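Novice: Turn this into a structure:
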Amino acid sequence: MTPEKPARPAPKCPVCGRPSVAEAKPFCSDRCRQVDLGRWLTESYVVPGPPPGNDDDAED
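Specialist: Numbering: from 1, shown residues only. A predicted model of the protein is given here:
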């Protein structure tokens, strides 16, 4: 008989840290999903990189 592996805990919600639920994955609720979307739309979250319009590689 092989020992059973312990069940992994549910991943945590990236907004509040509570366990995520399947209906709102990776979040714990629709509220946290909306909070995350709002952060992206207000540019609280940004993807690092050069500023837009900085075309150093473009030829004149």
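
Novice: any idea how far the residue nearest the centre of the chain lies from K5?
Specialist: When the chain is reduced to its mean C-alpha position, the nearest residue by CA atoms, centre = their mean turns out to be P14, at 6.0 Å. In this structure, P14 and K5 are 25 Å apart, going by CB to CB, to the nearest Å. Just so you know, the C-beta spots here come from the backbone N, C-alpha and C atoms, and that holds for glycine as well.

Novice: how close does the nearest residue to R18 once chain neighbours are set aside get to D36?
Specialist: On the basis of CB to CB, 6 or more residues apart in numbering, the spatially nearest residue to R18 that is not a chain neighbour turns out to be C28, at 4.2 Å. Distance, C28 to D36, by CB to CB: 11 Å.

Novice: Which one's more surrounded, the two?
Specialist: Per other CB atoms under 10 Å, whichever of C28 and D36 has more neighbours is C28, with 22 against 17.

Novice: Contact partners for the more buried one?
Specialist: For C28, the contacting residues are 13, 15-16, 18-21, taking CB atoms under 8 Å, 6 or more residues apart in numbering as the criterion.

Novice: swap the cut-off to 6 Å and go again
Specialist: Listed by CB atoms under 6 Å, 6 or more residues apart in numbering, the contact partners of C28 are 13, 18, 20-21.

Novice: same deal with V35?
Specialist: Taking CB under 6 Å, 6+ apart as the definition of contact, the neighbours of V35 are V15.
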